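Participant: Let's see this in three dimensions:
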Amino acid sequence: MSLTQKTCVPCQGGIPPLTPEEASGFLDQVPGWELNDTSDRLYRKFAFDDFVAALAFVNKVGAVAEEEGHHPDISFGWGYADIVLFTHKIQGLHENDFIMAAKISDLI
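Facilitator: Next comes the predicted model:
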């Protein structure tokens, strides 16, 4: 089953985050996304032609985040949107982060 066909499951905490090796194993399923140096955050930079397009994209991301109950950190402005995903309760990555990344990528 592809990541876009999955649904984020609520994380109650108390579980370990993905190891760097496990996180790296998911990267081929989310082209364009990268891991930070410590492999506890997933991020991607999106480019747009103007502010209105960036804002429209961010609003779509917000709608998906609400549907999935999994909320990324987003910064945006004229011509860009930067998205960072991680699971706050475990202070690292979970499969949910890769599910969200795949669904966000599908918005483009």
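
Participant: In the helix of greatest length in the chain, which residues are buried?
Facilitator: Ranked by residue count, the top helix of the chain under DSSP state H comes out as helix 51-68. Neighbour-count burial for helix 51-68, counted by 16 or more other CB atoms under 10 Å, picks out 54, 57, 58, 61, 64, 65, 68. Where you see a C-beta, it was placed from the backbone N, CA and C, and this is true even at glycine.

Participant: Settle this for me: the last one is touching residue 98, isn't it.
Facilitator: It refers to residue 68. No: with contact defined as CB atoms under 8 Å, residue 68 does not count as touching residue 98 (11.9 Å).

Participant: what pairs with residue 73 across the strands?
Facilitator: Beta bridges link residue 73 to residue 84, judged by DSSP bridges.

Participant: Where do the helices of this protein begin and end?
Facilitator: Along the chain, the stretches classed as helices by DSSP H are 20-26, 51-68, 95-105.

Participant: Return the set of buried residues in the shortest one.
Facilitator: Judged by neighbour count (16+ other CB under 10 Å), helix 20-26 contains these buried residues: 23, 26.

Participant: Go ahead and produce PDB holding the CA coordinates of it.
Facilitator: Backbone C-alpha positions of helix 20-26 (Å, rounded to 0.1, in the frame of the first residue of the first chain) are rendered in PDB as follows:
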ATOM      1  CA  PRO A  20      18.000   7.000  11.100                       C
ATOM      2  CA  GLU A  21      18.100   3.800   9.100                       C
ATOM      3  CA  GLU A  22      14.400   3.300   9.300                       C
ATOM      4  CA  ALA A  23      13.700   6.900   8.300                       C
ATOM      5  CA  SER A  24      16.100   6.600   5.400                       C
ATOM      6  CA  GLY A  25      14.200   3.600   4.200                       C
ATOM      7  CA  PHE A  26      11.000   5.700   3.700                       C
END
